[in-house]
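# Build me a structure from this.
(chains A, B and C)
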Amino acid sequence: MVGLATVFGAGGGTSSYREIEDTDVIVLWGSNARVAHPIFFHHVLTGIRKGAKLFVVDPRRTESARWADRWLGLHVGSDIALAHAIGREIIAAGLHNRAFVEGSTTGFDDYRAAVEPWTLEHAEAVTGVPADAIRELAHAFALADRAQMCWTLGITEHHNGVDNVLSLINLNLLCGHVGRYAAGINPLRGQNNVQGGGDMGAIPNKLPGFQDILDDAARHKFDTAWNCTIPAHHGWHLTQMFEAMERNELRALYVIGENPAQSEADSGHAIHILEGLEHMVVQDIFMTRTAQLADVVLPATAAWCETEGTVTNSERRVQRIRKALDPPGDARDDAAIIIDLAHRLGHPEWSYPDAESIWNELRSLSPMHTGMSYQRLADLGGIQWPCPSNDTLEPSYLHGRLWAEDPADRGRRAPFSPVPWAGPVDQITAEFPIRLTTGRRLDSYNTGVQTGAIASPMRQGETLDLNPDDAMRLGIDDGDMVRITSRRGSIEAPARFDAHLRPGLAFMTFHFPDEIDVNVLTIEANDPKSGTAEFKASAIRVDKIMSRVPSPVAGT
Amino acid sequence: MDLRFPQAEPTLSEVQALDVVLAPSTVAEGWQRQHGGAHRARELRHLLLPSLHALQARVGWISPGGLGELCRRLDVPPAEAYGVATFYAMFITEQRPTRVVHVCADLVCHTRGAGALLDAVEAEFGAPDQACDQAGVGTAFWKPSPCLGLCERAPAALIVEAGDPAHEAVISMATVADISVAVRQGTHAVAAEAPPEAAVPQTVSPFGAGTTPELVLLARVGKVDPLSLDDFRAHGGYLALRAAVAMGPTAVIREVTDSQLVGRGGAAFPAGRKWQAVAGQPARPHYLVCNADESEPGTFKDRVILEGDPYSVIEAMTIAGYATGCELGFVYIRGEYPRALSHLQIAIDAARHRGFLGPDVMGLGFAFDIQVVRGAGAYICGEETAIFASIEGYRGEPRSKPPYPVEVGLFGKPTLVNNVETLVNVLPIMLRGGPAFAAIGTTGSSGTKLFCVSGSVKTAGVYEVPFGATLRELLDMAGGVPAGRSLRAVLLGGAAGSFVRADEIDVALTFEGVRAAGTTLGSGVVLALDDSVDLPTFLRRIAAFFRDESCGQCVPCRVGTVRQEEALVRLTVGSRQAHDIQLLRDVGEVMRDASICGFGQSAWNAIESAIDRLGALT
Amino acid sequence: MNTRQETSVAAPRRAVMVQIDGDEVKVPEGSTILDACTAHGTAVPTLCYGETIDPVNACRLCVVEVENNRVLVPSCSRKVEPGMVVKTDTARTRHSRKMVLELLGSSVDLSTAPRVGEWMQQYGADPTRYGVGATVAQPVKIDNELYVRDYAKCILCYKCVDACGTEWQNTFAIAVSGRGFDVRISTEFDVELPESACVYCGNCIAVCPTGALMFTTEYDMRSAGTWDESVQQQTDTVCPYCGVGCNLTLHTQDNTIVKVTSPFDRSLTSGNLCIKGRFGFQHVQSRGDTVR
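Numbers count the residues shown, from 1 in each chain, chains lettered A, B, ... in the order given. Purely as a prediction, here's the structure:
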């Protein structure tokens, strides 16, 4: 979100799912959408059926990669090197969109200089991707009338995740693949309201509707509406909060619907920090590991089926959620709890009879949501932002302004980002010779709190997935129990052969933290710009401890 | 594609069998594989059917390991491949002995004693579809078969032995002793097959110089070495193609149109209009499909041409491809024709080797080549859209029309589908000109016609006569009903055709003649039934044929053919129920009115005519 | 601000005039006869038709008479042509519909197929007149805890295969196998679902027109006699898993989610979900004890 906001001013994917069905080239980069975003992948499949070519860039030959016309299996963390090589090749072949670059972007010369060293051969040496594959992607992407660049956590969960994103956006700018129907740049969100949370101002630097917190006029509007004074500085993102807790600057924490005790990298350290707080309130639908550490636990409702409200998806579509069930026990919905809390904190004026009244307040303050009445949201099956008008809808893609005939109408030009490449923080050495990356499986979600109840016949519990040749070199057979050690900790898990993993690469999920807490291993090397941790790149050592276990550890 | 494959491993034999069809696998697996996806899979899908044949031929069944290996190589989903394999009668998906004897149980053989033969075989070897352990032959099994297209020498059988190489042989005028030898000893113990021309009485037993019509389509059968390109050329071969190229594609189509040639596969659609429609389609490429899936019970004329004069089919296809802008043609040949397949393949290879097929045919400046696709035991694949599905590697299910094949055909491209007999008519049209061709026959039916005369006649075989001959004349040519018997009825057009009574045989065998008489020529089947034939059993066999061969796609045909057979059984062997005739009519009407394709639409024809014309079942 | 209003790439469509039961109806080019009938307000019964699936026109229930056509045509798939004259209710169409219902009713268990009983009455279908004939009766397949397959209720509409295959899911766990009356929906070698490619998205259940494919929750409640659609409520909401934002319709009975579907008319999902959206609802109903 940070990367897109930096370049375009708005932190949202530029296209709609529907547009991917009408595109010519699709690049999935660090995204296993087949597994992590299955219904988005349906749109990709429709695009393929209609003739689109698919490239997948991923260290693993994922389920998505197996659908690709060409898979580019790069070394973990070498994304910028690969992106720069693609950019260099496009420029060298004279295939960049000169009109767009000249008329709608800035910083091209610096970018060209930054990518100049990244010849195909150099990139092959750094990324492990054959030069001809890089060339093929570069030419297909540049020659396409319309192309889509999509990514997920494989790009962002790095110490330099924002730079990774910027390096991909560069490619779209280079070819003019943005601001047109079916050409765009799309991050796929991991949770159903990641986008909405940011849109609502739950990020340290923005007010609702991406209004800058440092913008006096914007702040003043909210001050007036809310009868308060909003501090004129950025807040902390999660990683900064943890750092503040460590420094004893942050002493109390109110956690709503998060499970940082298990979801943070280097979880042992995270738990230690949470235990040191003076006061922690956890509001959740489950008694999570984090909730167990809390002083006060507020039982909440499951938002998606016990609450009225809205969520916003990866194509910026605001959709209503509705109450289908009465919540169990004393559980109450998040808004009611927060309002009650406000009353007890001395603000009896907080008065919202229902979710719609809260929403209408937002509409009055956030221009990009103004046209989204509850009625319209229901009638139209959700509405994509921006929607400033009560009568009309905007195009399904963003930034059409960049193609305006009159340069004056193009607004702020989109800047190229000559970002530097830097490999993963956690280095591969003789002691830690294997690269561990993490991801998801189809039938599980995050730490498994919600999906554990699915009686999925596919679930096989946590395993350490290894390239079979690597495993055999280590004397490990399929199913053997192994110890996995990183510079931060050590866990045990059954090994599983996966011929789709390149040599030197291992894979685990984080779906079963109660049995096998993978985040004991991961590194808390955070991106300074986004606060996202480098879940995707740890260095590990694997030792066999016992031959084939009777049955893999079952899910919860 | 993120397909999941069976855990079972293929055997070395299965891998080697696939290597022959697919070339040894060079596609890396796991992380070493960079290329893939749906586009590649689509390009390979047509290799599914030949690959299934390769597995079946080598090990005698399609095993989970073999199927899995095939699916991995072609990126075909295993469930789909299994669905395709189980569609075809010749593919077996449970382990069986490697030798199988298919004993024809169909209409013509039935009139020639197949019923008793099957009973005797079952008595000796036990139930079909399982190893003949009862007779101590665990390496073989037998099964009753639909028409093998050997009707002039009924009853017939086909032996198939899996292995490297596989062996196939046919048995003519089979006795239980012949079947017994085949089951026990295999193909090498079976008597050599008679030459192709033995099926054409006109070539070997002229009925007097004055009465034998000039053979046009069959002129070379028995006169040339069918495998020799030079002999073909010595007998006028490739003159028609030269003539065609000399006049140019537009004129070729004009001549075909002027010849008033209509399709001989059964639908009688004007060939020139079809050619014109394909030639005029802007979408490219265009494909040509020669329909050699002649499976109508009692039909064997295409087999005789393919066995006896295969180059004529190649030449005719080359002309059709030239005229309609097809650079690739397919011959879809039914799986039960081992000799026709072999002759055709040898001829195509020779023609390609000598430049009569390929990127520059005869140096005349156009490209044309032919691929042979072998069917695997599914009558429905002769339907003009089912044939596409089968070639493409899918279940041979007919598609809805429109769109018609000339617009959206094979691989979704404009496609010309003609049957073998239709195509070979193009040779005389090129040599004599369309108008001269049209002068043969009658005003409504031009040219000559091949009739497959079988059943209760003295000399069964393929007969070529100009349109206009009567059914009586044709039966007389075949020597008439054997002495001591009298003609009861003739089944015209095969199982999908209809009966005519003995007093109706003066009908002229022209399209207009049979239409006026309320019957059909169909594919040219003339199956004579004498007074000894058990008509109810014969009708049940027709019903069983439709039940067995329904593809199962649409409700009227899938369930209707079953209900039709059940009612016939009740009417003929069980307690006769008055309402069953009405039930047959009700079922027949929905099959005719609402089935997807011509198969279901005609599944009631013969039985209806037996009731209404012959007074059967009443 | 936005200078380009293009939101779609569909070419402009002409209008076509057709005649439905004597009335002129104007529909866009490329519409089917069924579309035209719907536009005209003429009810045509359908079984194998699915609004999100390319028509396979296998059941032949929707056949109509089209002038100058020798046989009846399936309205669900035949495209309209200018001047087409369509009759939806003639002796021939009524006979064919009656017979299709009889043929299915005599061979398949249609007890959980919505509307079929009503059509049987309307067309005077009597499936009992075939006596003891062949049927597709077979044991229910229960090989996982999420959904059951009762192929005794399968009319072979192909929709589950198409939803699992190229139309949507592209998992290809099931296909049509066999031939003729022996055609079955099957995995490879009929292996059980956990051995197959199935990913339990349930997109097959969503399109099944007869209840042959059914949530285990529904199957168990029907078996126990507690399934009661008259007291069920349907609530539209959004899936909580991942950021795609799939539309869910929660079917609830007695404050319990008993089934999950997705609206067919939303281009976001077109009725499709993944295992998490389809079956990931249990957690909200099993957490009562843990909330305090």
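
# and residue C:167, that's in a strand?
No. Counting by DSSP: H, G, I helix; E, B strand; the rest coil, residue C:167 is not found in a strand; it is coil.

# Phi and psi next, for the nearest residue to it once chain neighbours are set aside.
Among residues not flanking residue C:167 along the chain, residue C:53 sits closest, at 5.5 Å (C-beta to C-beta, 6 or more residues apart in numbering or on different chains). Where you see a C-beta, it was placed from the backbone N, CA and C, and this is true even at glycine. With angles defined as degrees, to the nearest 10, residue C:53 sits at phi -130, psi 140.

# same question, residue A:492
phi -120, psi 140.

# Wait, it touches residue A:485, no?
No. Between residue A:492 and residue A:485 there is no contact under C-beta atoms under 8 Å: 10.0 Å.

# picking up where we left off before, could you check how many residues crowd around the residue nearest to residue C:167?
For residue C:53, the count of nearby residues is 21 (other C-beta atoms under 10 Å in any protein chain shown).

# and what of residue B:194?
Neighbour number of residue B:194 under other C-beta under 10 Å is 12.

# who touches the closest residue to it other than its chain neighbours in this structure?
Spatial nearest neighbour of residue B:194, excluding adjacent residues (C-beta to C-beta, 6+ apart): residue B:172 at 6.6 Å. Residues near residue B:172 by C-beta atoms under 8 Å, 6 or more residues apart in numbering or on different chains: B:150, B:153, B:156, B:191, B:193, B:194.

# Read off the pLDDT value for residue B:172.
On pLDDT, residue B:172 comes in at 95.

# Check chain A for the residue nearest chain B and tell me.
residue A:499 (3.1 Å; C-beta to the nearest C-beta).

# wait, that residue sits on residue A:466?
No. Under the criterion of C-beta under 8 Å, residue A:499 makes no contact with residue A:466, lying 10.1 Å away.

# Who has more neighbours out of those two?
Neighbour count, other C-beta under 10 Å: between residue A:499 and residue A:466, residue A:466 has more, with 27 against 13.

# any idea of the pLDDT on that one?
Reported pLDDT for residue A:466: 96.

# Tell me the spacing between it and chain C.
23 Å (C-beta to the nearest C-beta, to the nearest Å).

# And for residue B:92, the neighbour number?
Quick note: residue B:92 (other C-beta under 10 Å) scores 20 neighbours.

# what's the answer for residue B:370, then?
Residues lying near residue B:370 (other C-beta under 10 Å) number 22.

# Backbone dihedrals for it, please?
Per-residue torsions, residue B:370: phi -130, psi 140 (degrees, to the nearest 10).

# For it, which residues are in contact?
Residues near residue B:370 by C-beta under 8 Å, 6+ apart: B:314, B:317, B:328, B:329, B:330, B:331, B:348, B:357.

# Just confirm the fifth one contacts residue B:415, I think it does.
No. Between residue B:330 and residue B:415 there is no contact, the gap being 9.3 Å when judged by C-beta under 8 Å.

# more neighbours, the two?
Shown here are residue B:330 and residue B:415; by other C-beta under 10 Å, residue B:415 has more neighbours (30 against 24).

# Please report the number of neighbouring residues for the residue nearest to the more buried one when sequence neighbours are not counted.
Nearest non-adjacent residue to residue B:415, counting by C-beta to C-beta, 6+ apart: residue B:409, 2.5 Å away. The burial count assigned to residue B:409 is 25, neighbours taken as other C-beta under 10 Å.

# Check the one 5 residues further on too.
Neighbourhood size, residue B:414 [other C-beta under 10 Å]: 26.

# which residues sit in contact with the nearest residue to the residue of chain A closest to chain B once chain neighbours are set aside?
Nearest in space to residue A:499, with sequence neighbours left out and distances taken as C-beta to C-beta, 6+ apart, is residue B:30 at 3.1 Å. Counting by C-beta under 8 Å, 6+ apart, residue B:30 touches A:61, A:499, A:500.

# and of these, the nearest to chain C?
Using C-beta to the nearest C-beta, residue A:500 is the member of the contacts of residue B:30 that lies nearest chain C, at 15.8 Å.

# Please verify my assumption that the closest one contacts residue A:61.
Yes. Look at residue A:500 against residue A:61 with C-beta under 8 Å: they come within range, at 3.9 Å.

# The two: who's more crowded?
Per other C-beta under 10 Å, whichever of residue A:500 and residue A:61 has more neighbours is residue A:61, with 26 against 22.

# sorry, back to before: and the residue nearest to residue C:167, how far is that from residue C:169?
Distance, residue C:53 to residue C:169, by C-beta to C-beta, to the nearest Å: 12 Å.

# what touches both of those two?
By the contact definition C-beta under 8 Å, 6+ apart, residue C:53 and residue C:169 are jointly contacted by residue C:163.

# ok, which stretches of the stretch 201-350 of chain A are helices?
A:216-226, A:238-246, A:260-263, A:267-275, A:289-292, A:303-306, A:334-344 (DSSP state H, counting those that start in this stretch).

# and of these, who's closest to residue B:130?
Distance to residue B:130, taken as C-beta to C-beta, is lowest for helix A:303-306 among the helices of the stretch 201-350 of chain A, at 55.9 Å.

# Would that closest one count as contacting chain C?
Yes. On the criterion C-beta under 8 Å from any C-beta of the partner chain, helix A:303-306 is in touch with chain C at A:303, A:304, A:305, A:306.

# So for those, which is the shakiest by pLDDT?
In terms of pLDDT, the weakest of the residues of helix A:303-306 next to chain C is residue A:303, which scores 88.

# any idea how far residue A:284 is from that one?
11 Å.

# Name the residues contacting each of the two.
With contacts defined as C-beta under 8 Å, 6+ apart, the residues shared by residue A:303 and residue A:284 are residue A:257.

# Show me the domain layout of the chain.
Since you didn't name a chain, this refers to chain A. A:2-187, A:194-384, A:434-546 (automatic domain parsing).

# Switch to chain B, please.
Domain assignment for chain B by automatic domain parsing gives B:12-85, B:99-194, B:229-435, B:440-520, B:535-612.

# quick one, strands of the stretch 151-292 of chain C?
C:175-177, C:184-186, C:213-215, C:233-238, C:247-253, C:256-261 (DSSP state E, counting those that start in this stretch).

# starting at the chain centroid, how far to the first one?
To tie it back to what came earlier, the one meant is strand C:175-177. Distance, stretch centre to chain centre, for strand C:175-177: 17 Å (C-alpha atoms, centre = their mean, to the nearest Å).

# what's next to that strand, contact-wise?
B:77, B:79-80, B:82-83, B:86-87, B:395, B:552, C:156, C:158, C:161, C:165, C:183-188, C:190.

# Check the last one too.
Outside of strand C:256-261, the residues within contact range by C-beta under 8 Å, 6+ apart are A:305, A:324-325, C:202, C:206, C:215, C:217-218, C:221, C:227, C:232, C:248-252, C:271, C:273, C:277-279, C:281, C:284-285.

# what about 6 Å?
By C-beta atoms under 6 Å, 6 or more residues apart in numbering or on different chains, the residues outside strand C:256-261 that reach it are C:206, C:215, C:217, C:218, C:248, C:249, C:250, C:251, C:278, C:281, C:285.

# mind putting the residues you listed in TSV, distance to chain A and neighbour count included?
Shown next, in TSV, are these (distance: C-beta to the nearest C-beta, whole Å; neighbours: other C-beta atoms under 10 Å in any protein chain shown):
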residue	distance to chain A	neighbour count
C:206	12	25
C:215	12	21
C:217	11	22
C:218	15	20
C:248	8	27
C:249	9	15
C:250	4	23
C:251	9	20
C:278	9	26
C:281	7	29
C:285	8	17
